[in-house]
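> Here is a sequence together with a model predicted from it:
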Amino acid sequence: MTSTPKKLGVHIRKQLKKSFISFTIEKDEMVLTVKRADIYHVLHILRDDPECLFKQLSDITAVDWPTRLPDRFDVVYHLLSMRHNQRIRVKVMTDDATPVPSVTGMFGSAIWAEREVFDMYGVIFEGNPDQRRILTDYGFEGHPLRKDFPLTGFQEVRWDSEKMAVVYEPVNLQQDFRNFDFESPWEAMETVQLPGDEKAAKQKFGTIDYREEAKDMMKAIEGK
């Protein structure tokens, strides 16, 4: 049994050979970056090697880095070894056009997780037997968890009482920017001053004396 993540990382690096890119330890958890084309081979080793035995695939997710080109996406696999009480994250990098090999042949639960990554980010998994959307509705356009996806989306859904059906329509905003006037001290209100705003004004101009504030507070407590 390998006792520490660092020792296990050395062992994994030797086993992966050319598939290995980098290995770090973040918050006592192993993070492994490997070549995209070798992900099936890598997970096979991590699952079956006696020093690893990462037999449980907890999740597959992704991270979008729009400015990192050409491979803007990290596809992240979370694995658990119950035998050795160890966790590991395995990353591969890809873009929105290059498929990532599916691992459904090794982990049955991967079919659902890969569908979610495809739905939310648009990453394609080559070999997934059911590459359909799983969270968004039929006819949905785009991938909501991409950083460049608009907060309003591209379509709005409503119930049409005349057609007696759900209809999809393009989002039509009456104005590009809307000014909301929330009565909150954290909003930039120009016409309303709430109790306590005067303290923020003092602090802004550097005239606030925290020692005097503390004395006033103690007097108020002693008075009670």
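Arrived safely, thanks for sending.
> how about the spatially most central residue of the chain, what does it touch?
The centroid of the chain falls nearest to Val63 when counting by CA atoms, centre = their mean (5.4 Å). Counting by CB atoms under 8 Å, 6 or more residues apart in numbering, Val63 touches 73-74, 76. No exception for glycine: its C-beta is placed from N, CA and C like everyone else's.
> Next, it: secondary structure please.
Taken by DSSP: H, G, I helix; E, B strand; the rest coil, the conformation at Val63 corresponds to strand.
> Quickly list what it is bridged to.
Note on Val63: beta-bridge partners Asp74, judged by DSSP bridges.
> Closest one of the contacts of Val63 to Tyr168?
Phe73 (27.2 Å; CB to CB).
> how's this protein carved up into domains?
Domain ranges of the chain: 5-135, 185-224, per automatic domain parsing.
> residue boundaries of the helices in the protein?
5-16, 39-48, 110-121, 197-204, 210-223 (DSSP state H).
> Out of those helices, which gets the lowest mean score?
Of all these, mean pLDDT reaches its minimum on helix 197-204 (a mean of 56).
> Just the CA atoms from stretch 59-72 would do, formatted as CSV, please.
Taking C-alpha atoms only, stretch 59-72 is exported to CSV below (Å, rounded to 0.1, in the frame of the first residue of the first chain):
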residue,chain,number,x,y,z
ASP,A,59,-17.8,12.5,-11.5
ILE,A,60,-16.8,13.9,-14.8
THR,A,61,-16.9,17.7,-15.3
ALA,A,62,-15.2,20.4,-17.2
VAL,A,63,-13.8,23.9,-16.8
ASP,A,64,-13.9,26.6,-19.5
TRP,A,65,-10.8,28.8,-20.1
PRO,A,66,-11.9,31.0,-23.0
THR,A,67,-8.6,32.8,-23.4
ARG,A,68,-6.5,29.6,-23.4
LEU,A,69,-6.3,28.6,-27.0
PRO,A,70,-6.6,26.3,-28.8
ASP,A,71,-7.6,23.9,-25.9
ARG,A,72,-10.0,26.1,-23.9
